[in-house]
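Student: Here is my input; please provide its structure:
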Amino acid sequence: MKITAAVAEGPRQPFAVRELELEQPRHGEVLVRLAGTGICHTDLICRDQWYPVPLPAVLGHEGAGVVEAVGPGVRHPLPGDRVVLSFNSCGSCRTCLAGRSAYCDDFTARNFAGTRPDGSTPLLDRTGTRVHGTFFGQSSFATHAVAAARSVVKVDTTLPLELLGPLACGFQTGAGSVLNSLRCTPGSSLAVFGAGAVGCGAVMAGAVAGCTTIAVVGRNRARLARAKSVGATHTIDLTATDPVTALRDLTGGAGADYSIEATGAAQVLRQAVDCLAQEGICGLLGAAALGTEVSLDMAALLFGRQVRGIVEGDSTPALFIPRLLDLHRAGRFPFDRLISLYRLSQINQAVDDMRHGHAVKPVLTFLGGPA
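Tutor: Numbering: from 1, shown residues only. Prediction:
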């Protein structure tokens, strides 16, 4: 079938909106008509080759839409189901079997290879040339996507479907880091470095967890203000003050019980560790270029401080995404306040707005998409 997709053709090049051919779903796959797709930092660093995803490729990994067809062997979801598309995993390795699919032994191949495990791709251009796809098991910067059924989550909500895609990664990652990974305790202090979608997801979850101090560190005043509007108790402009000193002042000199690093910058990770109280835990969420190194104070770590890498908020999407929707229904996870809508043709404007802080979470919508 013919679809319209935004293609990443080369590092740091604008996305090109083109007509492509998409094949029908194979065994274990579903065809989804997209209503909306979030744009994530990971899409941009893969386009720009921080991670070696082969190009040209259709990226996009925060899709939401309606199932139109299913391939052989698929019992759920079913045609007509409203779904969110999250990350892919094998389902059979030791970590998947233990319920920790975010650490699937085959995670890189199934999410970043640009092909199915057998090396094929469901996408061709007008000349019949292969275009890489199945990014995070979906490649949802398109009007339609062939997605791995294992990564598709059926949803039940009155919210417009196009708003739900960011629950698949950005908000899931931030919220899951607080609720699933660090398991922040009531009355604790949480420092969040980065006020984008991941950081704001952590902020909203910190409020759910009962953290009494939720301080967000960033450099964009508009984003800091949005973080405060969804639950931050304090904001710290790192261009005007030293965040480590400011966080120690906020916590009576002790330091933060928990911190989140959501920027991918080595110097920020150092700050997120240095601001910790004794026995404090830093969750590393930000994606950096391969080979990026950081220097830490070994003596400070000796006093019980920890640094933990976290992928997708340690989430099982089929369980965690409905939980986030339940929290939204209760007025406790207002993620929709952070979304800005764009047409697929406006993808490059959306990327520019995200980079300059004008949008926290841009979402691409599709003409004729599901309501």
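
Student: In the stretch 51-200 of the chain, where is pLDDT below threshold?
Tutor: For the stretch 51-200 of the chain, applying pLDDT under 70 flags no range at all.

Student: Would you agree Val363 is in contact with Ala168?
Tutor: No - Val363 is not in contact with Ala168 according to Cβ atoms under 8 Å; the separation is 11.4 Å. For glycine as for every other residue, the C-beta is placed from the backbone atoms N, C-alpha and C.

Student: list residues touching both of those two?
Tutor: Shared contacts of Val363 and Ala168, defined by Cβ atoms under 8 Å, 6 or more residues apart in numbering, comprise 38, 62.

Student: neighbour-wise, which of these two wins?
Tutor: Neighbours per residue, other Cβ atoms under 10 Å: of Val363 and Ala168, the larger number sits with Ala168, 31 against 24.

Student: That one contacts Asn88, correct?
Tutor: No - taking contacts as Cβ under 8 Å, Ala168 lies outside contact range of Asn88: 11.1 Å.

Student: Which residue, other than its chain neighbours, is closest to Gln306?
Tutor: Ile281 (4.6 Å; Cβ to Cβ, 6 or more residues apart in numbering).

Student: Next: Leu159.
Tutor: That would be Asp336: by Cβ to Cβ, 6+ apart, it lies 6.6 Å from Leu159.

Student: where's Tyr342, which helix or strand?
Tutor: Following DSSP states H and E, one finds Tyr342 within strand 339-343.

Student: so who does Ala209 touch?
Tutor: By Cβ under 8 Å, 6+ apart, the contact list for Ala209 reads 178-179, 183-186, 188, 190.

Student: which of these count as buried?
Tutor: Neighbour-count burial (16 or more other Cβ atoms under 10 Å) applied to these gives 178-179, 184, 188, 190.

Student: Helix or strand: which one has the residue nearest to Gln306?
Tutor: strand 276-284.

Student: Where does Gly215 sit: helix, strand or coil?
Tutor: Let me fix one detail, which is that residue 215 is Ala and not Gly. Assigned with DSSP: H, G, I helix; E, B strand; the rest coil, Ala215 falls in the strand class.

Student: sorry, back to before: the strand holding Ile281: partners in the sheet, and parallel or antiparallel?
Tutor: strand 256-261 (parallel), strand 306-309 (parallel) (DSSP bridges).

Student: Which residues does the shortest one contact?
Tutor: Residues outside strand 306-309 that contact it (Cβ under 8 Å, 6+ apart): 181-182, 269, 273, 280-284, 296, 301.

Student: Which strands and helices lie in contact with the helix or strand that comes right after that strand?
Tutor: Per DSSP H and E, the first helix or strand lying C-terminal to strand 306-309 is helix 317-329. Applying 3 or more Cβ pairs under 8 Å, 6 or more residues apart in numbering; DSSP states H and E, one finds that helix 317-329 contacts strand 152-154, helix 170-176.

Student: Tell me which of the ones you listed lies nearest to Pro77.
Tutor: Checking the helices and strands packed on helix 317-329 against Pro77 by Cβ to Cβ gives strand 152-154 as the closest, at 5.0 Å.

Student: ok, and for the closest one, which residues are buried?
Tutor: Across strand 152-154, burial judged by 16+ other Cβ under 10 Å covers 152-153.

Student: Please list the outside residues in contact with that strand.
Tutor: Contacts for strand 152-154 (Cβ under 8 Å, 6+ apart): 30, 32, 67, 76-77, 81-86, 168, 317-318, 321-322.
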